[in-house]
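Trainee: Sequence unavailable; structure follows:
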């Protein structure tokens, strides 16, 4: 217990001091001089890295006029904490533009579709200003291999680069239309990382599993940092409010410690009828010390629901704003945005290989509905609405969005959307095939390809 409270105080102090002495001072200078503080920090993708390298990433983000992250590698595996930490703070502090330094260490052979895939994943997770990594003045020597690709006139596709840039610009436009409308607040278990012992393991895997389960079940959510909650969280109209955002429910991920300020807030939230959920380990410590009485009071108000149970059981407790039916619908991630002119639902196919057909249901999509395709800048009117269901196909690695008529042009002048024609397999090349560089291949070098020898 003594070690828990000592570690809790130690890491909390370091995180606060770093944020106040570094990012806050730079932000104040930029504000005074009419400029914008953006960029990214080191080790943002795991809670242990955050603890050891920057203290608390979310505190830094709130100090930046345009907070940002880094995304390295052609992968989205185990990366969801980074964009969600950023977008959550930006949502709560009403910062519409969020930087991502993107596409680094993806190779010179990275395709346009690869970039669409990563950009769509960022967009649906709330990150929308794409700073492409990197542009070199020269590719001479080691520069050619210095965290490629490089985006410049050195590339053979440079004359067509505008097509991808236009696509990214359209994604940004959609992502700042209206206001994000999350239903759930997930508590960031960074405080548990501060006090863990050798036997406790990391808290990053449990958090990733929970966040991805919510995405696959089409729930909108934010992360809640306990320091930020202590500073600005309130109970408002039976919802939990943090800055510009209000939440109907709170989710406790796998965690062993909780702040007293968070505990008191959640008990008050439960007293107002708020829904509180829990997965994994339930907190054992309050501010680093055991407090069984207070924790038992919270536990009595909590519904245990593990990530694998969310899709089937959470709708009974909290209806999702968007319901998506269809094969592999868990690979279509959504984001809901509301405005005075109407509502918008962003849909991202995070599969890199499959075009996905789905039926979209949502009470937010009533009346005449538009389908926007940023790949070619076209807009269509669709048959049906969120009540009857909207059928569409989203290409692999692509984003589209649906909106009510108030957002955009009159639907009468737009072409009607039609599902693409069904495709079927023409031929499957599944025989062994070898490539030889020798000009003199003999019978032993030949291979069997469908009964013929080559």
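Mentor: Cool, got the structure. All of these numbers come straight from a predicted model, not from anything done at the bench.
Trainee: Double-check that residue 333 belongs to a strand.
Mentor: Yes. Counting by DSSP: H, G, I helix; E, B strand; the rest coil, residue 333 falls inside a strand.
Trainee: So that it lines up with my notes, have the first residue be 52 from now on.
Mentor: Okay, residue one is now 52; in that scheme the one you just asked about reads as residue 384.
Trainee: what sits against it?
Mentor: By C-beta atoms under 8 Å, 6 or more residues apart in numbering, the contact list for residue 384 reads 172, 175-176, 266-267, 269, 398-399, 401. Yep, even glycine has a C-beta here, placed from its N, CA and C like the rest.
Trainee: just these now: which is nearest residue 314?
Mentor: Nearest to residue 314 among the contacts of residue 384: residue 266, at 27.4 Å, using C-beta to C-beta.
Trainee: Could you check how many residues crowd around the spatially closest residue to residue 306 that is not a sequence neighbour?
Mentor: In space, and not counting its chain neighbours, residue 306 is closest to residue 240: 3.8 Å by C-beta to C-beta, 6 or more residues apart in numbering. Each residue near residue 240 was counted by other C-beta atoms under 10 Å, and the total is 28.
Trainee: which residues in the stretch 302-451 of the chain form strands?
Mentor: Assigned by DSSP state E, counting those that start in this stretch, the strands in the stretch 302-451 of the chain fall at 308-309, 326-329, 336-337, 340-341, 353-355, 374-376, 383-389, 394-400, 407-412, 420-424, 429-432, 441-445, 450-455.
Trainee: you'd agree residue 74 is up against residue 119?
Mentor: No. Using C-beta atoms under 8 Å, residue 74 is not in contact with residue 119, being 11.4 Å away.
Trainee: Could you check the pLDDT of the most centrally placed residue in the chain?
Mentor: Centroid-nearest residue in the chain: residue 176, 2.7 Å away (criterion: C-alpha atoms, centre = their mean). Note for residue 176: predicted pLDDT of 98.
Trainee: Now do the buried residues in the helix or strand where residue 80 lies.
Mentor: Assessed by DSSP states H and E, residue 80 sits inside helix 75-83. Neighbour counts over helix 75-83 (16 or more other C-beta atoms under 10 Å) mark 75, 77-78, 81 as buried.
Trainee: Kindly report the same for stretch 147-163.
Mentor: By neighbour count with 16+ other C-beta under 10 Å, stretch 147-163 contains the buried residues 148-155, 157, 161.
Trainee: With stretch 187-194 instead?
Mentor: Buried, per 16+ other C-beta under 10 Å, within stretch 187-194: 187, 190.
Trainee: cool, stretch 368-380 as well?
Mentor: Neighbour-count burial for stretch 368-380 flags 371-375, 377, 380 (criterion: 16+ other C-beta under 10 Å).
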